[in-house]
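*Asks:* Would you be able to build a 3D model of this:
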Amino acid sequence: MQEAGNLKVLNFDDNNFIQNLEFAIKFGKKVLIENIGEKVDLVLYPLIKREFSTEAGQTTVNIFGHTVEVDQNFKLLILSELKNPRFGPDISVLTT
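*Replies:* Got it, this is the predicted structure:
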């Protein structure tokens, strides 16, 4: 369903999860994060809450203490193995 080479599949168990996520944000890749349980890792909160800041025409986001430039083509997809995950109300409101 996605263009070849434009979808980056990540898992929280990956050794370079943060670096790969930052790369995808900066270069406008689509990111699929697999195996999310019922709790979302705090690293993703700035993206889910859309805590972007714009200065001098550049959109940035703070990920795990690093300021990363956001490409307008960046997309975040989250996949859970659970049939009916029950996220907390803060995440449910932001992602619905």
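
*Asks:* can you give me phi and psi for the residue positioned nearest the centre of the chain?
*Replies:* Against the mean C-alpha coordinate of the chain, by C-alpha atoms, centre = their mean, the closest residue is L76 at 4.6 Å. Dihedral angles of L76 (phi, psi; degrees, to the nearest 10) stand at phi -120, psi 120.

*Asks:* Would you mind identifying the next helix or strand past the longest helix along the chain?
*Replies:* Ranked by residue count, the top helix of the chain under DSSP state H comes out as helix 17-27. Sequence order places strand 30-34 as the next helix or strand after helix 17-27, per DSSP states H and E.

*Asks:* tilt between that next one and helix 17-27?
*Replies:* Interaxial angle of strand 30-34 relative to helix 17-27 (axes from the mean of the first three to the mean of the last three C-alpha atoms, to 10 degrees): 160 degrees.

*Asks:* What helices and strands are in contact with strand 30-34?
*Replies:* Applying 3 or more C-beta pairs under 8 Å, 6 or more residues apart in numbering; DSSP states H and E, one finds that strand 30-34 contacts strand 7-11, helix 17-27, strand 75-78. All C-beta spots, glycine's among them, are computed from the backbone N, C-alpha and C.
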